[in-house]
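A.B. asks: Any chance you could fold what I've pasted below:
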Amino acid sequence: MIDKKINQVLTDLNMLDKKDNLISSLSGGQRKRVSIAVELMTDPLIIFLDEPTSPLDPQTVDDFLGIMKRLSEKGTTVLMVTHKPEDLEYMDEVIFMAEGGHMVFYGDSKRYKEYFNVKTAVSVFSQISGKNAKIWIEKYLNPRPLSNTSSSSAVRPPSETSMLKQFLWLTKRYFTIKTNDRVNTLLMLAQAPIIAILICLIFKEISSAVLFMISISAIWLGAQNAAREIVSEGAIYKRERMYNLEIFPYILSKITVLSVVSLIQSFVFIIILFIHFNSAIVELNEPHYLFFWMLFLSIASTFLGLLLSSLVKTSERAMTILPLILMPQIMLAGLIAKVSNGFVEFISYLTISRWGVEGFNIIQKNIIEPIATINREEILQKIDAKESLLNRFHESYQWNFGDLTGTLKLDSYAIILMVLIMTFFIYKTLKNKSIISNR
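C.D. replies: You can find the predicted model right below:
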């Protein structure tokens, strides 16, 4: 059905033979037709064009305006701003605006010369500029409405499509965009094995630092994957939102595709670590659980990246702010420095890393840490991973959560709650953007 619609629009614009060409290989006039084709996919009642013929050669102008004429005959209203008098020959009706934006004529394109008592369109501009403008403004005191709406031409309500169909279509489109952009997608996927290999080169045994790095890597990968995904298509979102786009299918389509990316990244990441630490004193405990926990953290961090992407105005700003968001994740996880007071302990509850690191320590159970001897030599000792981490948190942690303290259940609940809060703010931000664009 979509392919049929694409072929129909391209046929209407005399572009069907260029269907498989790259945009970079098209001429200026052909690119304009492609831009219009994108708009025509939603069967708009009206198209606004701002000086579309200004950079085109005479032959291309003739072809282009001829196509617009045929579109109007099919029921699409084409409203075009132009400073080229020859364009008026293709128009059904014309509006002339004097200096200051005052309307001085609206009517049949064959009548304006008689109205202004001129022989050419060029002469009209001299009539409605300078001192003469006031005369024509006063003459045209009662402009008629731009359209006489009848029952046969009533505005159609936006097409109603179920949220499920929108989700499936948006997911398919987003997945296609990712697979077509092979270079960036491969670079995105390559981050996981690169970070994992670096961990293997630096750490010979599984220590608290290794579990901390896995957690931070999961958060970085998830947030970085999503940080530009909304802001980079702001114009597309606003246009589709004005038609019939629902916000939740839009958000879920992003999460679905990016979760597939996170799944691949997490799987490769844990596999590399499993192979490396297979011969260590303490092996990776329950690698499949570590994989699922890393995937969980990465998907949760995807919401963090989407929230950032929905708030900023440019992709560059998103990537500038992203490290500032990740810094608290590093500092409040409990490894860099011991949590010294109840206030810092409470603030740490608002970070994904705080609960993510704890989850990895619970799953791993045992780690290897160097212990200093009397002779100031260090020996490797196997210790309880969870107890080691809990000793770095403030004592108020036990008071706040009682029996849930230091459990994977609490870690999961905390992260899910943050995901729900981030989803709410993503929704509100996207809704506000569509409201502003409709004003």
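
A.B. asks: buried stuff in stretch 261-278?
C.D. replies: 261-263, 265-266, 268-270, 272-274, 276-277 (16 or more other C-beta atoms under 10 Å). Placement of C-beta: from N, CA and C, glycine included.

A.B. asks: Strands - which of those residues land there?
C.D. replies: Among the buried residues of stretch 261-278, none falls in strands (DSSP state E).

A.B. asks: Go through those residues and flag which are in helices.
C.D. replies: Under the assignment DSSP state H, the buried residues of stretch 261-278 contribute 261-263, 265-266, 268-270, 272-274, 276 to helices.

A.B. asks: Between these, which sits nearest Trp136?
C.D. replies: In terms of C-beta to C-beta, no member of those lies closer to Trp136 than Val261, at 60.9 Å.

A.B. asks: Now the closest one. Nearest residue, chain neighbours left out?
C.D. replies: In this structure, Val261 finds its nearest non-sequential neighbour in Asn225, 5.7 Å apart by C-beta to C-beta, 6 or more residues apart in numbering.

A.B. asks: Output the contacting helices and strands for the host helix or strand of that neighbour.
C.D. replies: Taking DSSP states H and E as the criterion, Asn225 maps to helix 208-226. In this structure, helix 208-226 makes packing contacts with helix 182-202, helix 247-276, helix 287-311, helix 315-331, helix 352-364, strand 366-372, helix 385-390, judged by 3 or more C-beta pairs under 8 Å, 6 or more residues apart in numbering; DSSP states H and E.

A.B. asks: Centre of the chain to that helix, how far?
C.D. replies: Put simply, helix 208-226 sits 21 Å off its chain's centre (C-alpha atoms, centre = their mean, to the nearest Å).

A.B. asks: Check stretch 168-188 too.
C.D. replies: Using C-alpha atoms, centre = their mean, the offset of stretch 168-188 from its chain centre is 12 Å.

A.B. asks: Spell out which helix or strand contains the nearest residue to Ile371 once chain neighbours are set aside, please.
C.D. replies: The shortest distance from Ile371 to any non-neighbouring residue, by C-beta to C-beta, 6+ apart, is to Gln381 (4.6 Å). Using DSSP H and E, Gln381 falls within strand 378-384.

A.B. asks: Alpha carbons of stretch 385-403, in CSV - could you do that?
C.D. replies: C-alpha atoms of stretch 385-403 as CSV (Å, rounded to 0.1, in the frame of the first residue of the first chain):
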residue,chain,number,x,y,z
ALA,A,385,31.0,-8.2,46.4
LYS,A,386,27.7,-7.0,47.9
GLU,A,387,29.0,-6.5,51.5
SER,A,388,32.0,-4.6,50.1
LEU,A,389,29.7,-2.2,48.2
LEU,A,390,27.2,-1.7,51.1
ASN,A,391,30.0,-0.6,53.3
ARG,A,392,30.6,2.3,51.0
PHE,A,393,27.0,3.6,51.3
HIS,A,394,25.7,5.7,54.2
GLU,A,395,24.0,4.0,57.1
SER,A,396,20.7,5.7,56.3
TYR,A,397,20.3,3.3,53.4
GLN,A,398,19.5,0.5,55.8
TRP,A,399,17.1,2.8,57.7
ASN,A,400,15.3,3.9,54.6
PHE,A,401,14.5,0.5,53.0
GLY,A,402,14.8,-2.1,55.8
ASP,A,403,14.6,-5.6,54.5
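
A.B. asks: buried set for that stretch?
C.D. replies: Applying 16+ other C-beta under 10 Å to stretch 385-403 flags 385-386, 388-390, 393-394, 397 as buried.

A.B. asks: again with stretch 236-255
C.D. replies: Buried, per 16+ other C-beta under 10 Å, within stretch 236-255: 237-241, 245-247, 249-255.

A.B. asks: And those, which is closest to Lys18?
C.D. replies: Nearest member of the buried residues of stretch 236-255 to Lys18, counting by C-beta to C-beta, is Arg239, at 22.8 Å.
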